[in-house]
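Engineer: need a structure here:
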Amino acid sequence: QRPPDGESLTDLKTRMWLMLSDLNTKYAGKDILLVSHEYPIWMMTDAAQAWNMEQSIAEKTKRGDDFIGFASIESLVVRNLPRDTAGTLDLHRPFIDDIVLKRPNSSAKLYRVPEIADVWFDSGAMPYAQWHWPFENEHEFRQQFPADFICEAIDQTRGWFYTLLAVSTLLGDGAPYKNVMSLGHILDEKGQKMSKSKGNIVLPDEVFNAVGIDATRWYFYTVNSPGDTKNFSMKEVRERLTGFMMTLNNCRRFYELYKADKSIADNLQLTTGNLLDTWILSRLSEVTALATTRLDIYDITIAARELERFVVDDFSQWWLRRSRKRSDALPLLRHILRSLALLLAPFIPYMAEELWQKLKSEGDPLSVHLADWAVADDAAVDFQLHRQMEQVREYISAGLAVRKEQQIKVRQPLQSVTVPGKQLHNDLEDLIRDELNVKEVKYEPGAAVMLDVHIGTHLRAEGFAREVMRTVQDMRKEAGCQVSDRVYCQWFSEDAEVSAALLEHSDMIARETGLSAFVHQADDKTLTIEKNFDLAPGKPLWIGIRK
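Structural biologist: Numbering: from 1, shown residues only. Model prediction:
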């Protein structure tokens with residue numbers, strides 16, 4: 001602030017700069033000694049160095065109480081930079097015109113070109129100016145003209161998009177670009193233009209620090225088409241992170257957890273005759289072809305959405321969940337992840353690179369961004385199998401809805417399900433049986449999906465066993481057991497039905513939960529974790545495990 005009848009630091013800096021400029025002109029090539037007080041010397045140095053306000057304050061703070069000590073001498077160098085009349089750095093005209101550059105090892109001097117018709121004309125002349133055509137370099141110009149693709153915001157319709165076209169048309173070269181992507185504006189969640197005065201701006205660095213750059217990219221690819229206005233929502237960006245991004249990362253982590261050794265050779269058999277494997281390879285080829293086709297025509301949104309649907313619905317929630325216990329599925333899992341790294345590299349470059357580094361083989365390119373694009377295997381695509389798998393998943397969804405309506409847990413086996421249509425392949429029937437936990441699949445043309453909800457003694461006993469298996473798995477996690485750990489387990493129940501059920505299915509329980517023993521006996525004081533609970537109303541059970 002300027003005191004009454006006095007100067008502010010800014011005023012002092014301006015006065016010091018005018019003095020320095022005058023001395024520099026009047027005594028060019030001479031050594032000058034200036035004697036003054038602390039604050040004039042501070043502002044003189046500020047002006048000479050072309051500091052901004054923050055730099056000036058920081059320098060003063062760094063030096064302590066005094067910017068310059070009593071009777072001290074300090075060298076002062078005036079930096080050759082364009083400045084306004086107050087000595088502040090300014091790269092605009094007319095101040096930039098004072099700067100002269102020299103070529104190394106040459107007497108030639110370089111000045112700013114004074115002839116500028118219009119800055120928009122300059123931007124539109126870019127394809128010509130960068131090669132100095134039509135004066136020279138015609139071959140280089142023709143090699144890159146017209147551009148395959150240009151991209152800018154929608155407000156460039158009357159700016160760069162237009163001037164590029166106008167300049168090239170006037171010169172008789174026609175359209176200067178083959179494809180244009182015009183991006184819509186980004187608004188706040190309520191559809192209002194972002195403004196500092198309104199306080200509704202979102203700082204990019206804050207978004208990147210919160211969810212990462214790749215999740216932010218993926219949000220913009222999939223939320224709507226590039227040309228549409230986007231109401232930016234941090235909540236939706238987080239959903240992309242916890243949905244698509246985390247799902248993909250969990251698939252990679254699952255592979256690393258279960259792989260037998262450091263690498264699985266690419267030439268290992270990808271399928272084992274399992275129809276589910278055939279289907280996922282077919283879908284991978286289909287989505288590879290679709291993503292390639294859409295990207296070739298710059299349709300980013302459809303390509304990204306199809307890749308997300310494949311990763312979340314088909315790969316993770318269906319194929320991988322159904323293949324978790326199959327060690328022979330690991331080579332195929334690795335193949336799919338490698339293919340996804342290639343397909344996703346243009347969209348989420350950092351995560352794709354991490355995938356590639358975890359999965360690449362000896363002789364592979366060092367980076368996924370140096371690798372060739374994924375190629376679809378058209379011969380592997382089986383659309384009939386796709387329709388059948390979709391049908392199977394619809395049957396399963398309908399059957400699960402019946403279970404929910406009847407309040408029957410999925411862990412409780414049922415005798416049968418009746419579905420419409422013709423008999424399916426055994427592998428597809430197995431999917432229905434496993435997902436709905438039924439013993440038999442029946443077919444009845446024109447019928448709705450129906451479950452036999454009658455639970456006999458044997459089915460009830462197996463249901464008890466499966467409840468115990470779930471409990472043991474939860475206890476293993478609570479105890480910090482690894483997948484490969486063999487765990488000792490004891491149990492006891494005063495209920496005869498529960499005891500009979502667990503004795504009947506003890507081998508299955510031990511096998512499915514990685515137990516070294518499943519022993520029917522009373523309390524053991526050396527157990528790591530133990531629990532008392534009811535398997536069903538009035539059906540108590542005590543169970544304990546030891547690592």
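Engineer: neighbours around residue 462, how many?
Structural biologist: Residues within reach of residue 462, counting by other Cβ atoms under 10 Å, total 20. The way it works is simple: take the backbone N, C-alpha and C, and place the C-beta from them, glycine included.
Engineer: count the neighbours of residue 60 for me.
Structural biologist: By the criterion of other Cβ under 10 Å, residue 60 has 18 neighbours.
Engineer: only C-alpha atoms, please: export the helix or strand hosting it in CSV.
Structural biologist: If you go by DSSP states H and E, residue 60 is part of helix 53-63. Written as CSV, here are the backbone C-alpha positions of helix 53-63 (Å, rounded to 0.1, in the frame of the first residue of the first chain):
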residue,chain,number,x,y,z
MET,A,53,6.3,-10.3,-6.5
GLU,A,54,6.5,-13.8,-5.0
GLN,A,55,10.1,-14.1,-6.0
SER,A,56,11.0,-10.7,-4.6
ILE,A,57,9.4,-11.5,-1.2
ALA,A,58,11.0,-14.9,-1.1
GLU,A,59,14.5,-13.4,-1.8
LYS,A,60,14.0,-10.8,1.0
THR,A,61,12.8,-13.5,3.4
LYS,A,62,15.7,-15.7,2.6
ARG,A,63,18.3,-13.0,3.4
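Engineer: what's the helix or strand following that helix packed up against?
Structural biologist: Beyond helix 53-63 in the direction of the C-terminus, DSSP H and E gives the next helix or strand as strand 101-102. If contacts are counted by 3 or more Cβ pairs under 8 Å, 6 or more residues apart in numbering; DSSP states H and E, strand 101-102 sits against strand 109-110.
Engineer: check what contacts the strand it packs on and list those residues.
Structural biologist: Residues outside strand 109-110 that contact it (Cβ atoms under 8 Å, 6 or more residues apart in numbering): 100, 101, 102, 103.
Engineer: how far does it sit from its chain's centre?
Structural biologist: 47 Å (Cα atoms, centre = their mean, to the nearest Å).
Engineer: partners of that strand, with directions?
Structural biologist: Applying DSSP bridges to the sheet, strand 109-110 is found paired with strand 101-102 (antiparallel).
Engineer: list of residues touching the partner strand?
Structural biologist: 108, 109, 110, 111.
Engineer: so how far is residue 181 from the residue nearest to residue 126 when sequence neighbours are not counted?
Structural biologist: Leaving aside its sequence neighbours, residue 126 sits nearest to residue 164 (Cβ to Cβ, 6 or more residues apart in numbering; 7.2 Å). Between residue 164 and residue 181 the computed distance is 14 Å (Cβ to Cβ, to the nearest Å).
Engineer: between these two, which is the more surrounded one?
Structural biologist: residue 164 (24 against 13).
Engineer: wait, isn't the more buried one in contact with residue 152?
Structural biologist: No - applying Cβ atoms under 8 Å, one finds residue 164 not in contact with residue 152, separated by 10.1 Å.
Engineer: and the strands in the stretch 401-547 of the chain?
Structural biologist: 414-419, 438-443, 450-451, 487-492, 515-520, 529-536, 539-546 (DSSP state E, counting those that start in this stretch).
Engineer: if we can go back for a sec, overlap in contacts of residue 164 and residue 181?
Structural biologist: Each of residue 150 lies in contact with both residue 164 and residue 181 under the rule Cβ under 8 Å, 6+ apart.
Engineer: just give me the closest of the contacts of strand 101-102 to residue 474.
Structural biologist: residue 110 (73.9 Å; Cβ to Cβ).
Engineer: partners of the closest one in the sheet?
Structural biologist: residue 101.
Engineer: let me see the contact set for the nearest residue to residue 50 once chain neighbours are set aside.
Structural biologist: Nearest non-adjacent residue to residue 50, counting by Cβ to Cβ, 6+ apart: residue 89, 4.5 Å away. Residues near residue 89 by Cβ under 8 Å, 6+ apart: 50, 52, 81, 82, 83.
Engineer: and residue 89, what pLDDT?
Structural biologist: pLDDT, residue 89: 86.
Engineer: any idea what it is bridged to?
Structural biologist: Beta-bridge partners recorded for residue 89 (DSSP bridges): residue 83.
Engineer: how about the strands of the stretch 401-547 of the chain in TSV, adding mean neighbour count?
Structural biologist: Putting the strands of the stretch 401-547 of the chain into TSV (neighbours: other Cβ atoms under 10 Å) gives the following:
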stretch	mean neighbour count
strand 414-419	20
strand 438-443	16
strand 450-451	18
strand 487-492	21
strand 515-520	16
strand 529-536	15
strand 539-546	19
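Engineer: for residue 46, find the nearest of the ones you listed.
Structural biologist: strand 529-536 (68.8 Å).
Engineer: which residues touch that closest one?
Structural biologist: So strand 529-536 is contacted by 464, 467-468, 471, 475, 478-479, 498, 523, 540-545 (Cβ under 8 Å, 6+ apart).
Engineer: before we move on, what about stretch 207-221?
Structural biologist: By Cβ under 8 Å, 6+ apart, stretch 207-221 touches 204, 230, 234, 236-238, 240-241, 244-245, 300-301, 304, 308, 347-351.
Engineer: got the angle for the single longest helix found in the chain vs strand 414-419?
Structural biologist: Longest helix of the chain, by residue count under DSSP state H: helix 383-406. For helix 383-406 against strand 414-419, the angle by axes from the mean of the first three to the mean of the last three Cα atoms, to 10 degrees is 130 degrees.
Engineer: for helix 383-406, which positions count as buried?
Structural biologist: 385, 388, 389, 392, 393, 395, 396, 398, 399, 400, 402, 403 (16 or more other Cβ atoms under 10 Å).
Engineer: before we move on, the earlier item: can I get the strands of the stretch 401-547 of the chain in TSV with mean pLDDT and distance to residue 40?
Structural biologist: Below are those laid out as TSV (pLDDT from 0 to 100; distance: least, Cβ to Cβ, whole Å):
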stretch	mean pLDDT	distance to residue 40
strand 414-419	94	92
strand 438-443	94	92
strand 450-451	93	92
strand 487-492	92	80
strand 515-520	91	85
strand 529-536	90	77
strand 539-546	92	80
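Engineer: and residue 29, which of the ones you listed is closest to it?
Structural biologist: strand 529-536 (87.1 Å).
Engineer: quick one: the closest one to chain centroid distance?
Structural biologist: On Cα atoms, centre = their mean, the centre of strand 529-536 falls 41 Å from that of its chain.
Engineer: does residue 25 belong to a helix, a strand or coil?
Structural biologist: Secondary structure for residue 25, judged by DSSP: H, G, I helix; E, B strand; the rest coil, is helix.
Engineer: for burial, what's the neighbour tally of it?
Structural biologist: Counted with other Cβ under 10 Å, residue 25 comes out at 8.
Engineer: do the same with residue 297
Structural biologist: Counted with other Cβ under 10 Å, the neighbours of residue 297 add up to 10.
Engineer: for it, give me the pLDDT.
Structural biologist: 92.
Engineer: list the contacts of it.
Structural biologist: Listed by Cβ under 8 Å, 6+ apart, residue 297 has no contact partners.
Engineer: from residue 303, how far off is it?
Structural biologist: From residue 297 to residue 303 the distance is 10 Å (Cβ to Cβ).
Engineer: ok, residue 106 to residue 137 distance?
Structural biologist: On the measure of Cβ to Cβ, residue 106 and residue 137 end up 22 Å apart.
Engineer: and for residue 317?
Structural biologist: Where residue 137 is concerned, residue 317 sits at a distance of 55 Å (Cβ to Cβ).
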